[in-house]
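In: pasted the sequence and its predicted model underneath.
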There are 2 protein chains.
Amino acid sequence: MATGRNHRPATRSRGIPEATVARLPLYLRALTALSERSVPTVSSEELAAAAGVNSAKLRKDFSYLGSYGTRGVGYDVEYLVYQISRELGLTQDWPVVIVGIGNLGAALANYGGFASRGFRVAALIDADPTMAGKPVAGIPVQHTDELEKIISDNGVSIGVISTPAGAAQQVCERLIAAGVTSILNFAPTVLSVPDGVDVRKVDLSIELQILAFHEQRKAGEEAEAAAGRKGPDGDMPAVMPA
Amino acid sequence: MATGRNHRPATRSRGIPEATVARLPLYLRALTALSERSVPTVSSEELAAAAGVNSAKLRKDFSYLGSYGTRGVGYDVEYLVYQISRELGLTQDWPVVIVGIGNLGAALANYGGFASRGFRVAALIDADPTMAGKPVAGIPVQHTDELEKIISDNGVSIGVISTPAGAAQQVCERLIAAGVTSILNFAPTVLSVPDGVDVRKVDLSIELQILAFHEQRKAGEEAEAAAGRKGPDGDMPAVMPA
């Protein structure tokens, strides 16, 4: 990699800091929107605003990709989409399985955002025998008994768990034993996994908690404004157009 | 965690950095697990490990809360749960409405993680008249025509949008006009909102993209190990475009 020699102490993953990796999907989302509007180039300031990131941080992040833009022109949108997609591994096909086809599993199966990013739903798996064979998002649900065969036959390395909390750890262990090495966990429980397996947990309430923090702050500011106590350096809501 | 970043990273709210605010729910989740096991105190190292955060960063974050722990004893679990909950505004009741009761909306309505954090699903709203009156998660769905009245009657300031992409902006505008000032957006589209309104976007594919990055890295390391080319200091091959 172009910047692979610039190792920093806190970095891992081929020299790219984890925090940068976490921002790459945000840049990619903003760039894809520009690409769809046939915008050829973008400045670091514009792209940073669209991605909700500080522009100096964006330039630093892109330097890890070896992408520095052109002074007075900015970044080539299409090339940057390609660079980030390649860095994230999205230029290859990732078959994923979704285990647990309740409302959430069905919503995930129908979620258009996966296919457009190189993720192909290879199979839907549920423990309920009455679900077997029923199509969800056009894919027939398969029974949990088939889990190991499905993982093996499809070369699946990424599993999505959307089962109830009580079933998640066992499903997780079966997925790993069958060869899965990355797990996206939507079940409201903490999973134990061996070294070498990546787990990312989605807690749907975390974003709500962050909104509650801001709501509380806004309520406090209104109370202060009403009381005429707000100081000259009062915090601004500072919300960017989404 | 999937997240839209609609705030400028430099934004501070009542002196607490946005990045710290984003970590408070992670600490709270870990502390709640300890509390449920009746663990009275926890060291910064243990709590940091449970939350997946660097312990120095945790101590810094807690210093913003005025919480410094006791040398040799650690942090009082119950008091820290209270402090963080209060800081996040979770000690009060937040009525939320969910608009768009497809699979995802139904999954959110059934999601236990909201109620345990002070979020009460005040109403479920859908544009499909045939849904009206049908109970989902024990709550009868109401028609979109009632949206403004529902927001007003329940004093709702937080709205969750789980409609299809095409309906999201209009729903967003109606929520805001009716008095909502924070929006959690699950629809796969970018929402425009006026100043003073907070939007957080959940993109369910972002976490998968981060997993794909690590999967690609793991595959690369295996290939290197197989080829016996890996240097003693872990030098990686050049895989970046020039």
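Out: Cool, the structure landed. Note that the structure is a prediction, hence the values are computed from the model and not measured. Residues are numbered from 1 along each chain as shown, chains lettered A, B, ... in the order given.

In: quick one, strands of chain A?
Out: A:41-42, A:75-76, A:94-99, A:119-126, A:135-136, A:139-143, A:158-161, A:182-185, A:198-201 (DSSP state E).

In: would you map the helices across chain A?
Out: For chain A, helices defined by DSSP state H occupy the ranges A:18-36, A:44-51, A:55-64, A:77-88, A:103-110, A:112-115, A:147-154, A:165-177, A:206-227.

In: in terms of mean pLDDT, which of the ones you listed ranks lowest?
Out: The minimum mean pLDDT among the helices of chain A belongs to helix A:112-115 (a mean of 78).

In: which parts of stretch A:114-122 are buried?
Out: Neighbour counts over stretch A:114-122 (16 or more other C-beta atoms under 10 Å in any protein chain shown) mark A:Phe114, A:Arg117, A:Gly118, A:Phe119, A:Val121, A:Ala122 as buried. C-betas here are computed from N, CA, C, even on glycine.

In: partner residues bridging A:Arg200?
Out: A:Leu184 (DSSP bridges).

In: count the residues that sit near A:Asp93.
Out: When counting by other C-beta atoms under 10 Å in any protein chain shown, one arrives at 10 neighbours for A:Asp93.

In: residues touching it, list them.
Out: A:Asp93 makes contact with A:Gly118, A:Arg120 under the criterion C-beta atoms under 8 Å, 6 or more residues apart in numbering or on different chains.

In: please apply the same query to A:Leu28.
Out: Listed by C-beta under 8 Å, 6+ apart, the contact partners of A:Leu28 are A:Val81, A:Ile84, A:Ser85, A:Leu88, A:Leu90, B:Gln209.

In: widest-spaced pair of the buried residues of stretch A:114-122?
Out: Of all pairs drawn from those, the widest gap by C-beta to C-beta lies between A:Arg117 and A:Ala122 and measures 14.8 Å.

In: got the phi and psi for A:Pro17?
Out: Geometry field for A:Pro17 lists phi and psi as phi -60, psi 150, criterion degrees, to the nearest 10.

In: just to check, it is in contact with A:Lys57?
Out: No: with contact taken as C-beta atoms under 8 Å, A:Pro17 and A:Lys57 are classed as non-touching, separated by 10.8 Å.

In: domains for chain A, by residue range?
Out: A:18-87, A:94-201 (automatic domain parsing).

In: for B:Met131, find the nearest of these.
Out: Comparing these by their distance to B:Met131 (C-beta to C-beta), the top pick is domain A:94-201, with 14.0 Å.

In: from the chain's centroid, how far away is the closest one?
Out: Taking the mean of its C-alpha atoms, domain A:94-201 sits 16 Å from the chain's own mean (C-alpha atoms, centre = their mean, to the nearest Å).

In: any idea how far apart the tips of it sit?
Out: 19 Å (C-alpha to C-alpha, to the nearest Å).

In: cool, stretch A:121-137 as well?
Out: Distance between the two ends of stretch A:121-137: 10 Å, counting by C-alpha to C-alpha.

In: does any bit of it sit next to chain B?
Out: No: contact of stretch A:121-137 with chain B is not found when judged by C-beta under 8 Å from any C-beta of the partner chain; the minimum separation is 8.8 Å.

In: just stretch A:99-107 next, same as before
Out: Yes: using C-beta under 8 Å from any C-beta as the criterion, contacts between stretch A:99-107 and chain B involve A:Gly102, A:Asn103, A:Leu104, A:Ala106, A:Ala107.

In: re the thing from before, among the helices of chain A, which is the most enclosed?
Out: helix A:103-110 (a mean of 23; mean count of other C-beta atoms under 10 Å in any protein chain shown).

In: A:Ile84 and A:Tyr27 touch, don't they?
Out: Yes: at 6.0 Å, A:Ile84 and A:Tyr27 qualify as touching, with contact defined as C-beta under 8 Å.

In: the residue nearest to A:Ser192 when sequence neighbours are not counted: what's it in contact with?
Out: In this structure, A:Ser192 finds its nearest non-sequential neighbour in A:Gln169, 6.8 Å apart by C-beta to C-beta, 6 or more residues apart in numbering or on different chains. Under the criterion of C-beta under 8 Å, 6+ apart, the contact partners of A:Gln169 comprise A:Thr189, A:Leu191, A:Ser192.

In: measure A:Gln169 to A:Thr41 for me?
Out: Between A:Gln169 and A:Thr41 the computed distance is 48 Å (C-beta to C-beta, to the nearest Å).

In: same check, this time on A:Val21
Out: For A:Val21 relative to A:Thr41 (C-beta to C-beta), the value is 25 Å.

In: what of A:Ala127?
Out: When distances are taken as C-beta to C-beta, A:Ala127 and A:Thr41 turn out to be 51 Å apart.

In: A:Gly100 now?
Out: Applying C-beta to C-beta to A:Gly100 and A:Thr41 gives a distance of 44 Å.

In: between those two, which has more neighbouring residues?
Out: The residue with the greater number of neighbours, taking A:Gly100 and A:Thr41 and applying other C-beta under 10 Å, is A:Gly100; the counts read 24 against 17.

In: spatially nearest residue to the more buried one, not counting backbone neighbours?
Out: Once chain neighbours are set aside, the closest to A:Gly100 by C-beta to C-beta, 6+ apart is A:Thr163, at 3.3 Å.

In: tell me the pLDDT of the one you found.
Out: 95.

In: that one: what's it in contact with?
Out: Applying C-beta under 8 Å, 6+ apart as the definition, the contact partners of A:Thr163 turn out to be A:Val99, A:Gly100, A:Gly102, A:Gly105, A:Ala127, A:Val171, A:Ala187.

In: okay if I get the residues you listed as TSV plus distance to B:Asp61?
Out: Output for those, formatted as TSV (distance: C-beta to C-beta, whole Å):
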residue	distance to B:Asp61
A:Val99	34
A:Gly100	33
A:Gly102	35
A:Gly105	34
A:Ala127	40
A:Val171	33
A:Ala187	27
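
In: nearest to A:Val53, of those?
Out: When the contacts of A:Thr163 are compared against A:Val53 (criterion: C-beta to C-beta), the nearest one is A:Ala187, at 30.2 Å.

In: the closest residue to the closest one other than its chain neighbours: what's it in contact with?
Out: The shortest distance from A:Ala187 to any residue other than its chain neighbours is 3.6 Å, reached at A:Ala168 (C-beta to C-beta, 6+ apart). With contacts defined as C-beta under 8 Å, 6+ apart, the neighbours of A:Ala168 are A:Ile161, A:Asn185, A:Ala187, A:Thr189, A:Leu191.

In: tell me what the first one is bridged to.
Out: With DSSP bridges as the criterion, A:Ile161 is bridged to A:Val99, A:Asn185.

In: just give me the neighbour total for it.
Out: As a burial measure, A:Ile161 scores 27 neighbours (other C-beta under 10 Å).

In: doesn't A:Thr189 make contact with it?
Out: No: the pair A:Ile161 and A:Thr189 fails to qualify as a contact (C-beta under 8 Å) at a distance of 9.4 Å.

In: okay but A:Val53 is in contact with A:Leu26, surely?
Out: Yes: taking contact to mean C-beta under 8 Å, the distance of 6.5 Å between A:Val53 and A:Leu26 places them in contact.

In: what about the nearest residue to A:Ala122 once chain neighbours are set aside, distance to chain B?
Out: Sequence neighbours aside, A:Pro95 is the residue nearest to A:Ala122 in space, at 3.7 Å (criterion: C-beta to C-beta, 6+ apart). Note on A:Pro95: its distance to chain B, by C-beta to the nearest C-beta, to the nearest Å, is 11 Å.

In: good, wrapping up.
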